[in-house]
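Enquirer: here is my input; please provide its structure:
(one chain, ligands or ions: 1)
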Amino acid sequence: MVKKTRSVRRFYESTPVLEQDIIDLIDLARLAPSGRNLQSLKYFYSNTKTLNDKIFPTLSWAGYLENWSGPEEGERPAAYILVLKDNKIKGNDTIDHGFAAQNILLGANEKGWGTCVLKSFDEVELSKTLNIPGHLEILLAIALGKPAENAKLEKVENGDIKYWRDEKGVMRVPKRSLNEIILD
Ligand SMILES: Cc1cc2nc3c(=O)[nH]c(=O)nc-3n(C[C@H](O)[C@H](O)[C@H](O)COP(=O)(O)O)c2cc1C
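Expert: The predicted structure follows:
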């Protein structure tokens, strides 16, 4: 599952992601490890065109792909989950959202959905357009939908970690080798 769970940035936009599926994924996020068990994360989700159309323009896609500014109409995500931090719950829990997001990605993969985590977004604009209360900070957006592209893992060559899209539209994603990451 981990090997198959790659970032997807093009989707069959007209295939809906059901609300119950999204709630199931948030339920997996709810059970993720949490520093001091503070559980300060909250979630906002969208699976309607009206809300999706508010979220999409605030996002930035695939910074390493030159000449591609993001999915076209028809291949955009059918749903989003936003991971928020509730700043009314005080404490040093800056890593929880990574664990929660990975639970969502794996759960979505099991259901056959593609996902992409996005951190590059206009937080002020996103918060405003969705009327997110001020004490909730948007940490991550997770795009969801039926995948319309494939990805293949590659070896990192000459230290180059930049992913690329090949002539068949397949995402090629370099990962560092075990030799490189395990200390002698
Ligand atoms: C914290 C974080 C932030 C990310 N932000 C973005 C983003 O803003 N836009 C985007 O297109 N992809 C984003 N990604 C996806 C990464 O580009 C992707 O995980 C990486 O290229 C490796 O590909 P893989 O997920 O298929 O292993 C983000 C991933 C993580 C974990």
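
Enquirer: where do the helices sit along the chain?
Expert: In the chain, the segments counted as helices under DSSP state H are 19-30, 49-55, 96-110, 123-129, 178-181.

Enquirer: any idea which of those is most buried?
Expert: Scoring the helices of the chain by mean neighbour count under mean count of other Cβ atoms under 10 Å gives helix 96-110 as the most buried, with a mean of 20. The C-beta positions use only the backbone N, C-alpha and C, and glycine is treated the same way.

Enquirer: which elements pack onto that one?
Expert: helix 19-30, strand 41-46, strand 79-86, strand 114-118, strand 136-147 (3 or more Cβ pairs under 8 Å, 6 or more residues apart in numbering; DSSP states H and E).

Enquirer: so what's the residue count around residue 152?
Expert: Residue 152 has 10 neighbouring residues, counting by other Cβ atoms under 10 Å.

Enquirer: which residues touch it?
Expert: 170, 171, 172, 173 (Cβ atoms under 8 Å, 6 or more residues apart in numbering).

Enquirer: my read: the third one touches residue 151, true?
Expert: So the one you mean is residue 172. Yes. If you go by Cβ atoms under 8 Å, residue 172 and residue 151 touch, sitting 7.4 Å apart.

Enquirer: so what's the most centrally placed residue in the chain up against?
Expert: What sits nearest the mean C-alpha location of the chain, by Cα atoms, centre = their mean, is residue 117, with 1.9 Å. Contact analysis of residue 117 by Cβ under 8 Å, 6+ apart lists 7, 101, 105, 140, 141, 142.

Enquirer: hmm, back to that, could you dump the helices of the chain into TSV and include mean pLDDT and distance to the ligand?
Expert: Formatted as TSV, the entries for the helices of the chain read as follows, by pLDDT from 0 to 100; distance: least, Cβ to the nearest ligand atom, whole Å:
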stretch	mean pLDDT	distance to the ligand
helix 19-30	98	15
helix 49-55	98	13
helix 96-110	98	7
helix 123-129	98	12
helix 178-181	96	14
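
Enquirer: flag every residue of the chain that's near the ligand.
Expert: Those residues of the chain that sit near the ligand, judged by Cβ under 6 Å from any ligand atom, are 6-7, 9, 60-62, 116-120, 151, 163, 173.

Enquirer: need the distance between the two termini of stretch 108-128.
Expert: When the termini of stretch 108-128 are compared using Cα to Cα, to the nearest Å, they are 28 Å apart.

Enquirer: let me redo that: stretch 24-37
Expert: First-to-last residue span, stretch 24-37, Cα to Cα: 21 Å.
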